[in-house]
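Colleague: Based on what follows, work out the 3D shape:
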Amino acid sequence: MNLLARELGSAFPELRVSEDDADRVAYTRDMWPRHHLAVRAGHPAGNRPGAIVWPASTDGVARLARWASRRGVALVPFGAGSGVCAGVLPRADAVVVDLKRMARVRGLDVEAPAIDVEGGHMGLPLEKLLERSGFTLGHFPSSILCSTVGGWVATRSAGQCSGAYGKIEDMVVALECVTGDGDVLNLRRRTSAPDLVPLIVGSEGTLAFVTSATLRLHPAVASRSFGAWSFPVIRQGWEAMREIFQQGLRPAVARLYDPFDAMLARHARAKSAATEAAPHAPGMGGVALRGLLRRPGMLNHLLHSNVGSRMLGGAMLIVAFESATESGTGRPADRARGIAQSMGGTWLGEGPARAWFARRYSVSYRQAPVFADGAFVDTMEVAASWSKLGGLYESVRRAVGPHVLVTAHFSHAYPDGCCIYFTFAGSGGGAGPSKVGWDAACEQTYDDTWRSALRAATQAGGTLSHHHGVGRSKAPRLRAELGAGVEVVKGLMRAFDPAGILNPGALMPASTSTSTSTSTSTSTSTTVQIDRESLLARIDGSTELAAAEELLNRAGLTLAVDGPLGPLSLAEWLARGAPGSRDGWLDPVDHLVAGLDATLAGGQSLTLHPAPRRAVGPDLTAMLVGAQGRFGRIDAAWLRVHRLGVERPTSPPFECDRDPAPNAGEQGVLDAIGSALERAGAIAE
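Modeller: Down below sits the predicted model:
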């Protein structure tokens with residue numbers, strides 16, 4: 001037994017500890033496809049942790065963290081290992097902490113309704129349990145078979161039905177966490193006082209262990225309606241999606257496939273209807289596949305041309321509406337059909353959407369044959385406001401087209417924007433015939449593709465991640481999106497984890513560059529600027545709310561604030577938690593703040609350009625909205641605005657304390673955050 005494992009066994013005799021070689025290999029990485037290339041090249045485990053432990057209680061995690069903090073031993077939280085961004089890559093002197101023994105349901109509140117469940121609970125068993133009780137969480141990531149509640153929270157996960165239920169951050173009511181120095185925190189969502197929950201959600205194990213989460217529930221689904229349309233031009237398809245959501249409709253599923261992806265979906269449906277395909281034998285077709293992918297530029301040009309689009313049958317949009325009543329989906333589905341057809345869509349019936357629903361998890365398990373054939377495949381999910389979506393789509397395709405075959409579908413839509421889910425397939429390009437040379441060439445192509453794609457995404461005004469997170473794979477571009485926000489995240493890490501033991505190396509870029517954000521925010525010389533396509537308005541912080549509303553009304557828009565606006569400035573209103581704005585639980589898909597410019601208490605400037613539901617670490621808007629000015633002032637904000645006269649959707653009732661008083665543990669962390677930000681500001685000066 002190595003020294004680290006012996007010390008753990010001595011300090012915690014009740015703790016299950018392993019230094020077994022098989023365990024150390026199994027826990028050495030997550031499912032980042034770049035790792036698959038290393039495995040294929042004969043390098044299956046470059047980084048093996050010193051030990052793996054399986055605590056069974058919050059107290060056990062807390063005692064382990066206190067021990068590790070004193071000793072300076074790195075701890076790597078581990079859910080089910082299904083992440084795809086190198087969020088797990090432990091050092092040889094690190095301890096991997098697998099939380100799956102903490103999988104108890106602590107309570108089911110059928111009145112709220114809500115569930116308190118420990119972070120190690122696996123996804124599909126949780127949903128099955130809820131279904132038997134008459135509820136659904138509404139969270140169905142493609143990895144639901146191999147992911148945990150804690151992993152969802154850590155990565156700011158999205159499920160396939162996000163169009164009705166939102167992402168995981170829209171479901172979290174409260175969190176129990178263990179910080180890096182072993183303190184147990186109970187965090188609650190709130191609106192008019194600082195809210196620490198959005199800082200933990202998306203922090204990728206760098207701030208705290210998520211030991212338990214209280215999650216909002218919905219009544220179980222009683223009926224579904226499906227529909228599908230084809231579009232000659234893909235832009236028509238996303239315009240239909242935009243209008244569906246901006247008209248107040250909330251399909252649980254809305255997915256738009258580009259012509260090539262649509263062709264693959266139709267082919268898979270036809271093959272499934274006839275018979276199951278013969279098992280794929282590794283190596284079959286490998287030569288042809290590698291040859292096809294060696295020079296993808298011309299193929300991409302053909303597939304994305306007007307001629308190619310017509311040959312492939314055009315783009316395809318599928319939708320699925322869900323309801324807790326037997327007849328609740330009829331009218332919304334009819335309205336969506338009218339909108340799609342008014343945008344040039346041709347009705348394809350329910351079949352394509354039903355076929356997708358029947359096999360909706362299978363796509364996540366089709367990568368292995370591609371790697372076995374000597375090529376590679378990966379996905380990249382980025383997002384942008386509707387006005388920037390076309391530029392994002394074209395920019396990423398142009399950037400990666402010379403390297404790989406690229407296809408895309410659009411999913412996870414919101415009133416203000418949408419996620420684009422790119423799929424890349426590539427090979428070794430001009431590499432020689434030897435196996436070692438080929439694998440090295442594949443790795444080079446892979447790395448070139450990702451660098452080009454991430455650069456193109458940020459330059460086009462998109463966000464680096466919508467729901468997979470940052471890990472280590474996207475960290476080099478994090479500063480390009482967050483600018484000074486990177487230093488804010490580092491300050492949060494110091495506040496929650498003073499010894500720096502939690503998942504070191506994840507999320508943060510290794511570079512010490514101090515370059516600023518590539519924000520696309522426009523000049524503040526005009527107090528209100530409107531992005532009508534995205535239904536967003538950039539409003540100067542000093543503008544009185546009543547004056548902003550008057551300007552918006554002239555454009556046929558409104559902030560939809562209930563009650564008198566009074567003399568409050570926009571900055572004051574947001575600092576107080578936007579009193580009079582609609583309760584966020586009533587429509588989890590619709591968020592008030594899309595981006596902002598701020599000056600922090602330490603003097604640093606922070607810019608978060610508007611992008612829907614970024615998953616690039618902690619949600620830094622929580623440092624300012626509802627925080628009563630504790631951490632800085634809002635200089636301007638991008639807010640979601642509404643068309644006058646459009647009825648807003650309403651989710652089923654949800655009962656919880658909207659504004660609980662901060663507890664002593666939360667107050668202590670808030671003080672630590674303030675001190676960390678002040679120190680960061682002093683260093684910057």
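
Colleague: Which secondary structure state does residue 130 sit in?
Modeller: Here residue 130 is recorded as helix under DSSP: H, G, I helix; E, B strand; the rest coil.

Colleague: check contacts around it.
Modeller: 115, 136-137, 217, 220 (CB atoms under 8 Å, 6 or more residues apart in numbering). Placement of C-beta: from N, CA and C, glycine included.

Colleague: The closest residue in space to residue 568 that isn't next to it in sequence: neighbour count?
Modeller: Computed as CB to CB, 6 or more residues apart in numbering, the closest residue to residue 568 that is not its neighbour in sequence is residue 545, at 5.1 Å. Under the neighbour criterion other CB atoms under 10 Å, residue 545 is assigned a count of 23.

Colleague: Angles on the backbone of residue 545, please.
Modeller: The phi/psi pair for residue 545 (degrees, to the nearest 10) reads phi -60, psi -40.

Colleague: measure it to residue 499 for me?
Modeller: Using CB to CB, to the nearest Å, residue 545 is found at 44 Å from residue 499.

Colleague: Pull the residues that contact stretch 24-31.
Modeller: Around stretch 24-31, the neighbours that count as contacts under CB under 8 Å, 6+ apart are 18, 35, 44-49, 51-52, 78, 81-90, 96, 98, 471.

Colleague: For that stretch, measure first residue to last.
Modeller: 15 Å (CA to CA, to the nearest Å).

Colleague: So what's the gap between it and the chain middle?
Modeller: 22 Å (CA atoms, centre = their mean, to the nearest Å).

Colleague: just stretch 401-416 next, same as before
Modeller: 15 Å.

Colleague: cool, stretch 52-63 as well?
Modeller: Here stretch 52-63 is found 27 Å from its chain centre; the criterion is CA atoms, centre = their mean.

Colleague: so where do the strands sit in the stretch 551-685 of the chain?
Modeller: 557-558, 593-600, 605-608, 632-640, 642-643 (DSSP state E, counting those that start in this stretch).

Colleague: what's the helix or strand for the spatially closest residue to residue 416 that is not a sequence neighbour?
Modeller: Of all residues not flanking residue 416 in the chain, residue 534 sits nearest, at 4.9 Å (CB to CB, 6+ apart). Per DSSP states H and E: residue 534 is located in neither a helix nor a strand.

Colleague: Let's check: the centremost residue of this protein is which one?
Modeller: residue 467 (1.6 Å; CA atoms, centre = their mean).

Colleague: Contact partners for it?
Modeller: Listed by CB under 8 Å, 6+ apart, the contact partners of residue 467 are 141, 155-158, 167, 381, 412, 419, 613, 615.

Colleague: Point out the least confident one among these.
Modeller: The lowest pLDDT within those belongs to residue 613, with 93.

Colleague: Quickly note the distance from that residue to residue 167.
Modeller: 6 Å.

Colleague: quick one: common contacting residues for those two?
Modeller: In contact with both residue 613 and residue 167: 156, 158, 412, 467, using CB under 8 Å, 6+ apart.

Colleague: Restricted to strands, list those residues.
Modeller: Among the shared contacts of residue 613 and residue 167, the members falling in strands (DSSP state E) are residue 412.

Colleague: which of the shared contacts of residue 613 and residue 167 sit farthest apart?
Modeller: Spanning the widest gap among the shared contacts of residue 613 and residue 167 are 156 and 412, at 11.7 Å by CB to CB.

Colleague: Outline the domain layout of this protein.
Modeller: The chain breaks down by automatic domain parsing into domains covering 1-220, 223-274+282-459, 528-654.

Colleague: thinking again about what came up before, for residue 23, which of the strands of the stretch 551-685 of the chain is the nearest?
Modeller: strand 605-608 (40.4 Å).

Colleague: Now the closest one: average pLDDT?
Modeller: Mean per-residue pLDDT for strand 605-608: 95.

Colleague: Need the residues that contact it.
Modeller: With CB under 8 Å, 6+ apart, strand 605-608 has contacts from 482-485, 488, 517, 519, 521, 595-600, 614, 620-621, 632.

Colleague: mind saving the C-alpha coords of it as CSV?
Modeller: Presented in CSV, the C-alpha positions along strand 605-608 are these (Å, rounded to 0.1, in the frame of the first residue of the first chain):
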residue,chain,number,x,y,z
SER,A,605,-14.4,45.9,-14.5
LEU,A,606,-16.5,42.9,-15.4
THR,A,607,-18.2,42.4,-18.7
LEU,A,608,-20.5,39.4,-19.5
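
Colleague: How far off centre is that strand?
Modeller: Strand 605-608 sits 20 Å away from the centroid of its parent chain (CA atoms, centre = their mean).

Colleague: And stretch 2-12, by the same measure?
Modeller: The answer for stretch 2-12 is 37 Å, by CA atoms, centre = their mean.

Colleague: Check stretch 443-456 too.
Modeller: With CA atoms, centre = their mean, you get 20 Å for stretch 443-456.

Colleague: With stretch 308-318 instead?
Modeller: 28 Å.

Colleague: May I have the distance across that stretch, first residue to last?
Modeller: First-to-last residue span, stretch 308-318, CA to CA: 21 Å.

Colleague: So what touches it?
Modeller: With contacts defined as CB under 8 Å, 6+ apart, stretch 308-318 is touched by 226-234, 236-237, 240-241, 253-260, 262-263, 265-266, 302-303, 340, 345, 348, 352-353, 356.
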